[in-house]
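J.: got a predicted structure plus its sequence, pasted below:
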Amino acid sequence: MIYKITFSCDEVDGFRRVFNADSDATFLELHAAILKSVNFPDDQMTSFFMCNERWEKEQEVTLLEMGSSFEYDNMIMESTRLSELMEDRGQRLIYIYDPMYERYFFGSLTEILPGIMSGVDCVESRGEAPKQLQTEDAAEAARVKDAAWEDEDMFSDSQFDIDDLDADGFQDLSWDDGSMF
């Protein structure tokens, strides 16, 4: 079988990579094809995670052997075939390419096609990839930007009207009698 696996990234508009992969290819082969398609060096401790429909991480497939968890077996990219963890169309996975800041590509098994091929090939490449590694300065700028947006969105004058508060509702609260706790 041939798996068509599509990856996107929420950091970059228009980013998309589509791969055709033999179902017997390993996660290491998929890892190498992803890196090649985005021109990233192979010098990070990347991982794949199989995910449920809410993108919650489940089984991890690591580049190198790590300690195993209580829930899942330790699986290594080199010895784990795609078909071992990907059986159904729509299967979700993430590929962590920046382990320090846990930045990743969202993936999905979009099609299962009849046929045989060798390895993994990138068959569609759209958009520029994000930078592979985020610096502390960039991470802090992103946090500040997110915090500013949240503050502006949640607490801006356009969203808050002092007249909406019911003053009578606060008269029973007192610091002295412990009713606040």
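T.: Received it, and whenever you're ready, just let me know what you need.
J.: surely residue 76 touches residue 65?
T.: Yes: taking contact to mean Cβ atoms under 8 Å, the distance of 5.6 Å between residue 76 and residue 65 places them in contact. Every residue, glycine included, has its C-beta placed from N, CA and C.
J.: out of the two, which sits in the more crowded spot?
T.: For residue 76 versus residue 65, the count of surrounding residues by other Cβ atoms under 10 Å is larger for residue 76: 15 against 11.
J.: list the contacts of that one.
T.: Taking Cβ atoms under 8 Å, 6 or more residues apart in numbering as the definition of contact, the neighbours of residue 76 are 61, 62, 63, 64, 65.
J.: neighbours of the third one, how many?
T.: Right, residue 63. Applying other Cβ under 10 Å, we find 19 residues neighbouring residue 63.
J.: thinking again about what came up before, of the contacts of residue 76, just say which sits nearest to residue 42.
T.: Within the contacts of residue 76, proximity to residue 42 (Cβ to Cβ) peaks at residue 63, which comes in at 8.8 Å.
J.: and the gap between that closest one and residue 25?
T.: Noted for residue 63: a distance of 16 Å to residue 25, by Cβ to Cβ, to the nearest Å.
J.: hey, what's the spatially closest residue to residue 92 that is not a sequence neighbour bridged with?
T.: If you skip the residues right next to it in sequence, residue 92 has residue 51 as its closest partner in space, 4.1 Å away by Cβ to Cβ, 6 or more residues apart in numbering. For residue 51, the beta-bridge assignment (DSSP bridges) gives partners residue 57, residue 92.
J.: got the confidence number for residue 51?
T.: The predicted structure scores residue 51 at 96 on the pLDDT scale.
J.: would you check that it makes contact with residue 57?
T.: Yes: between residue 51 and residue 57 there is a contact at 6.0 Å, judged by Cβ under 8 Å.
J.: overlap in contacts of these two?
T.: Residues touching both residue 51 and residue 57 by Cβ under 8 Å, 6+ apart: residue 94.
J.: for whatever helix or strand residue 123 lives in, which strands pair with it and how are they oriented?
T.: Under the criterion DSSP states H and E, the helix or strand holding residue 123 is strand 120-126. Here strand 120-126 is paired, per DSSP bridges, with strand 16-22 (antiparallel).
J.: so which bits of the strand it pairs with are buried?
T.: Neighbour-count burial for strand 16-22, with 16 or more other Cβ atoms under 10 Å as criterion, is recorded at 17, 18, 19, 20, 21, 22.
J.: C-terminal to it, what's the next element?
T.: Counting by DSSP H and E, what follows strand 16-22 is helix 27-38.
J.: remind me what that next one packs against, helices and strands.
T.: For helix 27-38, the helices and strands in contact under the criterion 3 or more Cβ pairs under 8 Å, 6 or more residues apart in numbering; DSSP states H and E are strand 16-22, strand 47-51, strand 92-98, strand 120-126.
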